[in-house]
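Chemist: Would you be able to build a 3D model of this:
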Amino acid sequence: MPLPEKTTLPPSSDPFEGPGAPGRLVGALGLLGGILALVLSLEGRSLWGACSGFSLWEGDIWSACCSQRLLDPYSFTHGLHGLVLGGILAWLLPRASLSLRGLGALSLEALWEVAENSPFIIQRYREATIALGYTGDSIINSLGDVLCCGAGFVLAHHLGWKKAALVFMVTELAMLFWVRDNLTLNVLMLLCPIDAIKAWQMGL
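Modeler: Residues are numbered from 1 along each chain as shown. The predicted structure follows:
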């Protein structure tokens with residue numbers, strides 16, 4: 001009786017599957033971080049910003065050091081970016097590996113960091129939102145924002161969309177009571193500023 005022929009699966013086109021995938025992922029993440037830091041430097045961003053002293057956290061959104069440290073209250077909104085991008089990319093690219101989708105999410109977040117630190121967006125923040133003295137992020141803060149996005153992406157993967165949606169809503173409410181700002185208001189005020197909301201956010 002002849003033996004059945006051995007069938008072989010075609011090699012995956014996903015570069016982050018198979019032997020050597022972890023090394024390629026680490027290399028891709030390092031390259032992405034390096035490119036982001038270089039582009040931000042060309043945009044005029046400094047590594048640590050103008051704040052004196054070393055600190056990884058700035059909790060006062062009205063401080064000139066906000067957006068200059070590694071983390072600040074708005075880091076949570078970048079985590080929410082990861083939650084949202086994780087869901088969108090899982091829906092659009094269901095067959096792609098988690099690593100490939102994660103790299104895609106981080107690349108989109110890096111593109112936003114470049115756009116956010118452009119003169120146009122900086123001026124828009126100053127005119128339309130409560131970030132009156134905003135001068136752009138430090139490079140270390142932008143890298144921290146991308147890391148937070150990555151954390152949100154991983155969290156979305158482990159929680160599933162229902163629990164991730166709950167985390168999103170709880171975080172938005174917590175931010176609203178904590179600093180009178182959150183991702184939803186940030187987007188709203190950038191696109192369609194409302195004077196009454198801005199006055200409330202500033203405590204006027």
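Chemist: Flag the shaky bits of this structure, pLDDT-wise.
Modeler: Low-confidence segments of the chain (pLDDT under 70): 1-12.
Chemist: Where do the helices of it begin and end?
Modeler: In the chain, the helices defined using DSSP state H lie at 21-42, 75-92, 98-116, 119-128, 139-179, 183-191, 195-201.
Chemist: and of the ones you listed, who's closest to D60?
Modeler: helix 139-179 (9.1 Å; CB to CB). Placement of C-beta: from N, CA and C, glycine included.
Chemist: by how many degrees do that closest one and helix 98-116 diverge?
Modeler: 90 degrees (axes from the mean of the first three to the mean of the last three CA atoms, to 10 degrees).
Chemist: out of the helices of the chain, which comes closest to W57?
Modeler: Taking the helices of the chain one by one with CB to CB, helix 75-92 is closest: 8.8 Å.
Chemist: Could you export that closest one as CSV, keeping only the C-alpha atoms?
Modeler: Provided in CSV are the C-alpha atoms of helix 75-92 (Å, rounded to 0.1, in the frame of the first residue of the first chain):
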residue,chain,number,x,y,z
SER,A,75,0.0,59.1,28.0
PHE,A,76,-3.3,57.4,28.9
THR,A,77,-4.9,58.7,25.7
HIS,A,78,-2.1,57.3,23.7
GLY,A,79,-2.8,53.9,25.4
LEU,A,80,-6.4,54.3,24.1
HIS,A,81,-4.9,54.9,20.6
GLY,A,82,-3.5,51.4,20.9
LEU,A,83,-6.9,49.9,22.0
VAL,A,84,-8.6,51.5,19.0
LEU,A,85,-5.9,50.6,16.5
GLY,A,86,-5.7,47.0,17.8
GLY,A,87,-9.4,46.6,17.1
ILE,A,88,-9.3,48.2,13.7
LEU,A,89,-6.3,46.3,12.5
ALA,A,90,-7.7,43.0,13.8
TRP,A,91,-10.8,43.6,11.8
LEU,A,92,-9.0,44.8,8.6
